[in-house]
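take this sequence and fold it.
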Amino acid sequence: MSTKTEHGADKRVDVTKKRLINCNAVDVNQLMPLKYKWAWEHYLNGNANHWMPNEVPMGKDIELWKSNALSADERRVIMRNLGFFATAESLVGNNIVLAIFRHVTNPEARQYLLRQSFEEAIHTHAFLYIVESLTLDQGEVFNMYNEVNSIHNKDKFEMQITEEILRPDFTTSTFEGAQKFLENLVGYYIIMEGIFFYSGFAMILSFLRQNKMVGIGEQFQYILRDETVHLNFGIDLINGIKEENPHLWTEAFQEALTLKIREAVELEIQYAEDCLPRGILGLTAPMFRDYVQYIADRRLERIGLKVQYRSKNPFPWMSETIDLGKEKNFFETRVTEYQSASNLSWT
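Alright, predicted model coming up:
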């Protein structure tokens, strides 16, 4: 039912006119009624996953790190992953706030993006908390994206995808602009969060599986839980824009995106080789070639692109960890309780 104001203008939202991008017919401030219920579900799932880094005890990690029990190669893996993730989470957060949010014209999708941007801040906080707990050289960890080639190359790849989107005059109203925006979404959701993060998850969670660096491992479990929702939202957003704008999904564009993903796979393999010059914890660099290719095929399938590698998954235990339906509820074991509004005391 439509209602007119005293000025005669129709101000009620027509849900059928909602669109993910390029929607000038609906006030982006009017959330209800929902059209994209998947976006709201992702928002609710994000809220259910809420955690804070300082809830995780780091005592055992500190003790182990200060001992001689970790090999130089094990320390290298931990340091490389802290160095990559510390900057990568900031890149993702900046892309959401400065690029994606500006051009998504649907309020329920924007609601999730607000939640995701907060989670990216939490993840960055987690790496600061780890660095401070282990008394690591902050400059070394947070500057690895400038000083370590395998990290620099991945971050440079992502920043190039964002560069045009960040221009003040960028618009999705043109065919070229809308395609560039889709490329950005693929670059950050499919490649950064869906491929570049997963070697690190497998490496750090391998420590946890052997009861080593359990505080870092627990935080990576929480981050993986968040990233799974991020990835699923990104895939739904990409597929939703494709459905509403089928003219964008040309054969040439699909081929260009596939080439981008293949380039990213090689960068991730180089990163794994840099982290693992020798095998540790039953992990070797060749195993990560298979794993990254396997992960890339799964991402390609979910956005309607052809698989490229048909590699087998060398880490079947990661599939169970990623599957939130099978994953244990880490949050049942938390001892920190949040105060409800009724329990807060105001001074």
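
measure Glu183 to Gly279 for me?
36 Å (Cβ to Cβ, to the nearest Å). Glycine gets a C-beta too; all of them are placed from N, C-alpha and C.

neighbour count winner among these two?
Per other Cβ atoms under 10 Å, whichever of Glu183 and Gly279 has more neighbours is Glu183, with 17 against 12.

what bits of the stretch 1-150 of the chain have low per-residue confidence?
1-11, 25-26 (pLDDT under 70).

how about the stretch 201-347 of the chain?
321-347.

can you show me the strands along it?
Here the stretch 201-347 of the chain has no strands by DSSP state E, counting those that start in this stretch.

how about residues contacting stretch 180-190?
21, 92, 95, 99-100, 103, 158, 161-162, 164-165, 170, 172, 230-231, 233-235, 237-238, 241-242, 248, 253, 256-257, 260-261, 299, 303 (Cβ atoms under 8 Å, 6 or more residues apart in numbering).

list the buried residues in the helix or strand Glu176 falls within.
Following DSSP states H and E, one finds Glu176 within helix 175-185. Buried residues in helix 175-185, counted by 16 or more other Cβ atoms under 10 Å: Gly177, Ala178, Gln179, Lys180, Phe181, Leu182, Glu183, Asn184, Leu185.

and the contacts of stretch 180-190, which are buried?
21, 92, 95, 99-100, 103, 158, 161-162, 165, 170, 172, 230-231, 233-235, 237-238, 241, 248, 257, 260-261, 299, 303.

of these, which belong to helices?
92, 95, 103, 158, 161-162, 230-231, 233-235, 237-238, 241, 257, 260-261, 299 (DSSP state H).

how long is stretch 244-260 from one end to the other?
23 Å (Cα to Cα, to the nearest Å).

now what about it, what contacts it?
So stretch 244-260 is in contact with 19-21, 161, 175, 178-179, 182-183, 186-187, 191, 241-242, 300, 304-306, 308, going by Cβ under 8 Å, 6+ apart.

just how off-centre is that stretch within its chain?
22 Å (Cα atoms, centre = their mean, to the nearest Å).

show me what counts as buried in that stretch.
For stretch 244-260, by 16+ other Cβ under 10 Å, it's Asn245, Leu248, Trp249, Leu257, Thr258, Lys260.

before we move on, what about stretch 146-166?
Val148, Ser150, Ile151, Asn153, Lys154, Asp155, Phe157, Glu158, Ile161, Thr162, Ile165.

cool, stretch 113-129 as well?
Leu113, Arg115, Gln116, Ser117, Glu119, Glu120, Ile122, His123, Thr124, Ala126, Phe127, Tyr129.

for the fourth one, what are its contacts?
With contact set as Cβ under 8 Å, 6+ apart, Ser117 has these partners: Gly93, Ile96, Val97, Phe101.

can you lay out these as a markdown table showing neighbour count and distance to Arg76?
Formatted as a markdown table, the contacts of Ser117 follow (neighbours: other Cβ atoms under 10 Å; distance: Cβ to Cβ, whole Å):
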| residue | neighbour count | distance to Arg76 |
| --- | --- | --- |
| Gly93 | 19 | 27 |
| Ile96 | 22 | 31 |
| Val97 | 15 | 33 |
| Phe101 | 15 | 37 |
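
in a markdown table, list the residues you listed along with distance to Lys66.
Shown next, in a markdown table, are the contacts of Ser117 (distance: Cβ to Cβ, whole Å):
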| residue | distance to Lys66 |
| --- | --- |
| Gly93 | 32 |
| Ile96 | 37 |
| Val97 | 38 |
| Phe101 | 42 |
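
closest one to Phe288 out of those, please.
Gly93 (26.1 Å; Cβ to Cβ).

out of everything not next to it in sequence, what's closest to that closest one?
Glu120 (3.4 Å; Cβ to Cβ, 6 or more residues apart in numbering).

repeat that for Lys60.
Nearest one to Lys60, counting by Cβ to Cβ, 6+ apart, is Val214 at 5.5 Å.

what residues are up against that neighbour?
Lys60, Asp61, Leu208.

pretty sure the last one sits against Phe220.
Yes. Between Leu208 and Phe220 there is a contact under Cβ atoms under 8 Å: 7.4 Å.

these two: who's more crowded?
Using other Cβ under 10 Å as the criterion, Leu208 and Phe220 rank with Phe220 on top: 27 against 18.

give me the distance between the residue nearest to the spatial centre of the chain and Lys260.
The residue lying closest to the centre of the chain (Cα atoms, centre = their mean) is Glu193, at 3.5 Å. Note on Glu193: its distance to Lys260, by Cβ to Cβ, is 15 Å.

ditto for Ile238
13 Å.

kindly report the same for Arg110.
26 Å.

and what of Phe127?
27 Å.

cool, and Leu248?
15 Å.

then Tyr112?
Counting by Cβ to Cβ, the gap from Tyr112 to Lys260 is 24 Å.

what of Gly139?
According to Cβ to Cβ, Gly139 stands 32 Å off from Lys260.

nothing else from me, thank you.
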